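In: Sequence and predicted structure below; questions after.
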Amino acid sequence: MRVNPLDTTDFTPGRPVELAPGIRRLVADNAGMMTGPGTNTYLIGRDRVVVVDPGPALPGRVETIERALAGTPVDAVVVTHTHNDHSPAAAPLAARLGVPLLGRLPGDRLYQDASFQPTRSVEEGDEVPTDVGALRAVTTPGHASNHVCWYLPALGYLCTGDHVLGTVSPVIVHPDGDLTAYLQSLAKVKALRPTALLPGHGPVVTDPDAVIDRLVKHRLLRETRVLAALQGQGCRLLADFLPQVYADVPPALHAMARHTLLAHLFKLAREGRVEQCGEDAWRLL
């Protein structure tokens, strides 16, 4: 069974799109610079469903998901992580359906859904049954400390949330996110050898190895730019070298890029290659 590439270009908010038998995508109406065409919600199962990432708490969002379910029994609502574009609709949906809410709490509350309280905190390898195979939790910290991918080994599909996106490189949201953990989690996902990735934003990824390799290459290239920006500069304010490191990113996104730049710097500091030399300043070692 393969994901149908003809179905992956329909991102009409609220319209269920069947990607494969038992796999449907329902896009939230929150398109933007950070969310692409909107947050992807996945309905996994035919006659009994697990809902993955209900999305933001937009007016009518819960009702839209219920209409897509069309009365099909639901066994659980699960989330990949608790950023505000992924989980705020999860608690009200789980309450309406009377089902467990599964996920993990974050280490830091920046950009997080403060309303999220899981019925059960999931651990590596925990499984949720569906009638197209069990969904297995794969802990993937990096983008956020509580990030979990949900793997469907029976079909080889992996719901990746914001861990792997097919068209952009995810922000590493320091201080909750961690770049060292992110790179390790990418290697962990690649080792699963999934056949397709179902990301939190954008189209299905049908070439997982190539996309993961590209993400690693992108992060390492950005790291070389960080080191180059500090070369021969002594103690330098982050605000002064951020535009140099992210010259290829629109200035409107530099506030978010700052989080990833800090993630790079703290990774390099742990490796003994840079050090903090002021409240918001860094230098090479």
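Out: Received, thanks.
In: what residues are up against the spatially most central residue of the chain?
Out: Nearest to the geometric centre of the chain sits Asp162, at 1.3 Å (Cα atoms, centre = their mean). Residues near Asp162 by Cβ atoms under 8 Å, 6 or more residues apart in numbering: Thr80, His81, His83, His86, His143, Ala144, His147, Pro170, Pro199, Gly200, His201. (C-beta placed from N, C-alpha, C; glycine too.)
In: Let me know the pLDDT of it.
Out: pLDDT recorded at Asp162 is 98.
In: Roughly how far does it sit from Val226?
Out: 22 Å (Cβ to Cβ, to the nearest Å).
In: Okay, and the beta partners of the nearest residue to Val122 once chain neighbours are set aside?
Out: Counting by Cβ to Cβ, 6 or more residues apart in numbering, Ala137 is the residue found nearest to Val122 once chain neighbours are left out, at 4.5 Å. Counting by DSSP bridges, Ala137 forms beta bridges with Trp150.
In: now the contacts of Asp162 as JSON lines including distance to Arg270, pLDDT and neighbour count?
Out: Below are the contacts of Asp162 laid out as JSON lines (distance: Cβ to Cβ, whole Å; pLDDT from 0 to 100; neighbours: other Cβ atoms under 10 Å):
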{"residue": "Thr80", "distance to Arg270": "26", "pLDDT": "98", "neighbour count": "29"}
{"residue": "His81", "distance to Arg270": "23", "pLDDT": "98", "neighbour count": "30"}
{"residue": "His83", "distance to Arg270": "24", "pLDDT": "97", "neighbour count": "29"}
{"residue": "His86", "distance to Arg270": "28", "pLDDT": "98", "neighbour count": "31"}
{"residue": "His143", "distance to Arg270": "18", "pLDDT": "97", "neighbour count": "30"}
{"residue": "Ala144", "distance to Arg270": "19", "pLDDT": "97", "neighbour count": "32"}
{"residue": "His147", "distance to Arg270": "20", "pLDDT": "98", "neighbour count": "30"}
{"residue": "Pro170", "distance to Arg270": "20", "pLDDT": "96", "neighbour count": "22"}
{"residue": "Pro199", "distance to Arg270": "28", "pLDDT": "97", "neighbour count": "26"}
{"residue": "Gly200", "distance to Arg270": "28", "pLDDT": "97", "neighbour count": "29"}
{"residue": "His201", "distance to Arg270": "29", "pLDDT": "97", "neighbour count": "26"}
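In: Secondary structure and distance to Gln231 for these - can I get that in JSON lines?
Out: Output for those, formatted as JSON lines (DSSP: H, G, I helix; E, B strand; the rest coil; distance: Cβ to Cβ, whole Å):
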{"residue": "Thr80", "secondary structure": "coil", "distance to Gln231": "38"}
{"residue": "His81", "secondary structure": "coil", "distance to Gln231": "35"}
{"residue": "His83", "secondary structure": "strand", "distance to Gln231": "34"}
{"residue": "His86", "secondary structure": "coil", "distance to Gln231": "38"}
{"residue": "His143", "secondary structure": "coil", "distance to Gln231": "29"}
{"residue": "Ala144", "secondary structure": "coil", "distance to Gln231": "31"}
{"residue": "His147", "secondary structure": "coil", "distance to Gln231": "33"}
{"residue": "Pro170", "secondary structure": "coil", "distance to Gln231": "27"}
{"residue": "Pro199", "secondary structure": "strand", "distance to Gln231": "35"}
{"residue": "Gly200", "secondary structure": "coil", "distance to Gln231": "36"}
{"residue": "His201", "secondary structure": "strand", "distance to Gln231": "35"}
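In: can you list the residues you listed in JSON lines and add distance to Gly234?
Out: JSON lines is the format used below for the contacts of Asp162 (distance: Cβ to Cβ, whole Å):
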{"residue": "Thr80", "distance to Gly234": "41"}
{"residue": "His81", "distance to Gly234": "38"}
{"residue": "His83", "distance to Gly234": "36"}
{"residue": "His86", "distance to Gly234": "41"}
{"residue": "His143", "distance to Gly234": "32"}
{"residue": "Ala144", "distance to Gly234": "34"}
{"residue": "His147", "distance to Gly234": "36"}
{"residue": "Pro170", "distance to Gly234": "32"}
{"residue": "Pro199", "distance to Gly234": "41"}
{"residue": "Gly200", "distance to Gly234": "40"}
{"residue": "His201", "distance to Gly234": "40"}
